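In: Pasting a predicted model and its sequence here:
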Amino acid sequence: MTNNGFSDKVKGTVNKVKGETKDQIGNATDNSSLQAEGKFDKLKGKAQNKVGELKDKHSDKDKY
C-alpha cells in the first residue's frame with residue numbers, strides 16, 4: 001500500500017466539488033434533476049473521504 005488512503009481522499013474531494021457545482025447550477029437554473037445529481041456526488045465524495053481515512057488509520061496501525 002504505497003498511497004494508503006490518499007487517492008480515495010483526492011477522489012472524494014473531487015466528487016464533493018463536482019457535486020457542489022452541480023447542486024449550485026441546478027439551483028440557479030431550477031433544475032431539480034441536476035441538483036439531485038450534485039447531492040449524490042457530494043455524498044459519494046464524503047464516503048470516499050471516509051474510506052481514505054479508514055485506510056490511513058489501518059496502515060498507521062500496521063506500522064507499529
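Out: Great, that's in hand.

In: Show the model's pLDDT score for the residue nearest the centre of the chain.
Out: Central residue of the chain (Cα atoms, centre = their mean): G45, 1.4 Å from the mean position. Note on G45: pLDDT of 98.

In: same check, this time on T13
Out: 97.

In: Packing partners of the one helix or strand it maps to?
Out: According to DSSP states H and E, T13 maps onto helix 6-28. Helices and strands touching helix 6-28, by 3 or more Cβ pairs under 8 Å, 6 or more residues apart in numbering; DSSP states H and E, are helix 32-63. Heads up, the C-betas are built off the backbone N, CA and C, glycines and all.

In: so how far is the helix it packs on from its chain's centroid?
Out: Centroid separation for helix 32-63 versus its chain: 4 Å, with Cα atoms, centre = their mean, to the nearest Å.

In: Any stretches of this structure with poor pLDDT?
Out: 1-2, 60-64 (pLDDT under 70).

In: okay, now K16: neighbour count?
Out: Other residues within reach of K16, judged by other Cβ atoms under 10 Å, total 19.

In: what's near enough to touch the closest residue to it other than its chain neighbours?
Out: Distances taken as Cβ to Cβ, 6 or more residues apart in numbering put G45 closest to K16, at 3.4 Å, once the chain neighbours are dropped. G45 makes contact with K11, G12, T13, V14, N15, K16, V17, K18, G19, according to Cβ atoms under 8 Å, 6 or more residues apart in numbering.
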